[in-house]
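S.K.: next comes the sequence, and after it the predicted model I'd like to discuss.
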Amino acid sequence: MRLGAIEREVLENLSASDLLVGFLLSCRSTRLMYKIARERAMHRYRMRVAVERLVSEGYVSRRGDRLSINGAGRRLLDTAIVNVRAKLVSKKWDGKWRIVAFDIPERLQHLRRNVRRVLKRAGFIKLQHSVWVFPHECEEIVALIKQDNRLAPHVLYGVLEKIEGDARLRRVFSLAAIWK
């Protein structure tokens with residue numbers, strides 16, 4: 001089998017990082033090392049399969065070793081945004097905040113602007129400079145944003161039970177009467 005650039009990168013990352021993890025965990029914890037290695041390999045495999053599926057379905061374009069969202073992918077993203085916004089009206093809040101944080105390098109500033117634009121359209125509120133908050137499940141949008149392999153390492157998603165001083169956010173999202 002002839003390996004492409006992405007396959008070579010996956011194999012290099014797998015071998016180098018898993019060997020490092022194994023070295024750091026010592027001989028006595030080989031079971032833990034294999035568990036971590038298997039989890040990491042499965043995650044990489046799932047990401048690769050997801051990217052291949054998006055490429056084959058025409059949502060993502062591949063130019064060499066670079067991936068980018070094309071017109072069909074943008075329409076899919078728009079649909080996801082509409083679904084997330086609909087949750088604001090129809091779904092009861094579970095009391096958890098969804099946080100999207102990013103630290104995108106200056107050389108990718110055009111992508112940073114696109115990420116901000118997507119988050120604003122989805123209804124996120126800017127908590128701090130590159131930290132955005134939303135009260136409902138929105139992992140689908142973050143996954144679509146992270147499909148661009150240049151953005152994936154710079155975007156984080158988290159779920160928080162509590163944010164200090166969240167009264168303003170509750171007012172903005174009209175959640176004050178819903179959750180106390």
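M.R.: Received it, and whenever you're ready, just let me know what you need.
S.K.: could you pull out the helices for this structure?
M.R.: All helices of the chain, identified by DSSP state H, fall at 5-25, 30-56, 71-90, 109-122, 139-145, 167-172.
S.K.: could you break this protein into its assigned domains?
M.R.: Here the domain parsing of the chain from automatic domain parsing is 5-56, 91-172.
S.K.: pLDDT on the shortest one, on average?
M.R.: pLDDT averaged over domain 5-56 equals 68, rounded to a whole number.
S.K.: circling back to that earlier point, hey, which of the domains of the chain is tucked in deepest?
M.R.: domain 91-172 (a mean of 16; mean count of other CB atoms under 10 Å). Any C-beta I mention is one placed from the backbone N, CA and C, and that applies to glycine too.
S.K.: centre of the chain to that one, how far?
M.R.: Distance of domain 91-172 from its chain centroid, counting by CA atoms, centre = their mean, to the nearest Å, is 9 Å.
S.K.: can you check stretch 164-180 too?
M.R.: 25 Å.
S.K.: what's in contact with it?
M.R.: Stretch 164-180 is contacted from outside by Leu88, Lys92, Trp93, Gly95, Trp97, Ile125, Leu127, Val133, Pro135, Ile163, using CB atoms under 8 Å, 6 or more residues apart in numbering.
S.K.: biggest separation within the residues you listed, which pair?
M.R.: Farthest apart among the contacts of stretch 164-180 by CB to CB are Lys92 and Leu127. That separation is 22.2 Å.
S.K.: next up, the contacts around Val84.
M.R.: Ala122, Gly123, Phe134, His136, Cys138, Glu140, Ile141.
S.K.: and the end-to-end length of stretch 133-146?
M.R.: Length of stretch 133-146, first residue to last, CA to CA, to the nearest Å: 17 Å.
S.K.: returning to what we had before: now for the contacts of Val84: which two are most distant?
M.R.: Using CB to CB, those span at most 13.5 Å, a distance reached by Gly123 and Glu140.
S.K.: nice, that's everything, thank you.
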